[in-house]
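> Provide a 3D model corresponding to the input given below.
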Amino acid sequence: MQSRLISKVLSPAVRLWIRSQVESIAHLEFQIQGSDRQILAGCIPGVAVTAEKAIYQGIHISQVAIAAGEIRVNLSQVLQGKPLRLLAKIPISGEVQFQQNDLNASLHSPLLSEAMQVALLPLLRGITDPTGELWGDRLTDFHSPQVVLRGDRAILTIQLIVENQTIPFTLRTGLQILNGSLLKFDHPESLPSPEAEQGHPLLAFEMFEADLGEEVNLTELRIAKRTIFCQGQINVTPVS
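A predicted model of the protein is given here:
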């Protein structure tokens, strides 16, 4: 049986804290583990969370199943009716899923839009146009990104802005994680159209690495069933 402290005080505070961290969430379930004695000592031994259709900083997350332990919170203030607050960094482990529709909605978020500009624009300028000439500085921007997940590949279509002309470009690639936090393209290639079977290798894109940060340690990243599956651990740091 769940303790009275958890059911009457801590569960509502945790639910409110989780909802305060996201823009919206369609379905949320969580379970808090521990006795009143452990929790009164200022530590929650464990929390398991499942959620669906959450939006965090514009990123649409299809499904979440995570767990965390040894969570230190401001329990004395929570008992006085104040919001729950983390007091120490906590490692969270589990799986997050991004379905194709949610991934496309995320591409238009300020966070991902800026990241794509920083990551892709230099790479695109280093490849050649149909005449064999580098795009270079003639390529000034791109827009309208769309992703299709097919098999174990992601197919990204964008509209390049080259000397005030709009030119479609399609990238097909797998995704790979190195050392837990480095995101790489796996056998990237350009396609003449999103439906094309044969592509042209993009050697410059093979050298690309995106550092996800020292707080991230992914053990798996794969594409299947029009979904990107991510498994691993991330450290959540208290807001000062």
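> for Ala65, see how far away the residue nearest to Leu87 when sequence neighbours are not counted is.
Ranked by Cβ to Cβ, 6 or more residues apart in numbering and with sequence neighbours excluded, the top spatial neighbour of Leu87 is Arg72, at 4.3 Å. All C-beta atoms are positioned from the backbone trio N, CA, C, and that covers glycine. Distance, Arg72 to Ala65, by Cβ to Cβ, to the nearest Å: 23 Å.
> beyond the helix or strand where Leu124 lies, next helix or strand please.
Assigned by DSSP states H and E, Leu124 belongs to helix 110-125. Going down the chain from helix 110-125, the next helix or strand is strand 139-150, by DSSP H and E.
> what is that following strand packed up against?
For strand 139-150, the elements it packs on are helix 100-106, helix 110-125, strand 153-162, judged by 3 or more Cβ pairs under 8 Å, 6 or more residues apart in numbering; DSSP states H and E.
> swap the cut-off to 10 Å and go again
With contacts taken as 3 or more Cβ pairs under 10 Å, 6 or more residues apart in numbering; DSSP states H and E, strand 139-150 sits against strand 90-99, helix 100-106, helix 110-125, strand 153-162, strand 165-178, strand 216-224, strand 227-236.
> could you chop this protein up by domain?
Structurally, the chain divides into domains by automatic domain parsing as follows: 4-88, 103-233.
> report the buried residues of stretch 75-91.
Neighbour-count burial for stretch 75-91, counted by 16 or more other Cβ atoms under 10 Å, picks out Leu75, Val78, Leu84, Ile90.
> got it, and stretch 190-197?
Ser190, Leu191.
> kindly format the C-alpha coordinates of that stretch as PDB.
C-alpha atoms of stretch 190-197 as PDB (Å, rounded to 0.1, in the frame of the first residue of the first chain):
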ATOM      1  CA  SER A 190      21.700  12.500 -51.800                       C
ATOM      2  CA  LEU A 191      18.600  11.300 -53.700                       C
ATOM      3  CA  PRO A 192      17.300  12.700 -57.000                       C
ATOM      4  CA  SER A 193      13.800  12.400 -55.400                       C
ATOM      5  CA  PRO A 194      12.400  11.200 -52.100                       C
ATOM      6  CA  GLU A 195      11.100   8.000 -53.700                       C
ATOM      7  CA  ALA A 196      14.400   7.100 -55.500                       C
ATOM      8  CA  GLU A 197      16.100   3.900 -54.700                       C
END
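> contacts for it?
Stretch 190-197 has contacts (Cβ atoms under 10 Å, 6 or more residues apart in numbering) with 124, 127-128, 130, 146, 148, 150, 155-157, 168-173, 189, 198-202, 205.
> follow-up on the earlier one: would you point out the most distant pair within the buried residues of stretch 75-91?
Val78 and Ile90 (16.2 Å; Cβ to Cβ).
> export only the CA atoms of the helix holding Leu124, formatted as PDB.
What follows is helix 110-125, C-alpha atoms only, in PDB (Å, rounded to 0.1, in the frame of the first residue of the first chain):
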ATOM      1  CA  PRO A 110      13.100  27.100 -32.600                       C
ATOM      2  CA  LEU A 111      15.500  24.600 -30.900                       C
ATOM      3  CA  LEU A 112      15.700  22.200 -33.800                       C
ATOM      4  CA  SER A 113      15.500  24.800 -36.600                       C
ATOM      5  CA  GLU A 114      18.500  26.600 -35.200                       C
ATOM      6  CA  ALA A 115      20.400  23.300 -34.700                       C
ATOM      7  CA  MET A 116      19.700  22.300 -38.300                       C
ATOM      8  CA  GLN A 117      20.900  25.600 -39.700                       C
ATOM      9  CA  VAL A 118      24.200  25.400 -37.700                       C
ATOM     10  CA  ALA A 119      24.800  21.700 -38.600                       C
ATOM     11  CA  LEU A 120      23.600  21.400 -42.200                       C
ATOM     12  CA  LEU A 121      24.300  24.700 -43.900                       C
ATOM     13  CA  PRO A 122      28.100  24.300 -43.800                       C
ATOM     14  CA  LEU A 123      27.800  20.700 -45.100                       C
ATOM     15  CA  LEU A 124      25.400  21.600 -47.900                       C
ATOM     16  CA  ARG A 125      27.800  24.400 -49.000                       C
END
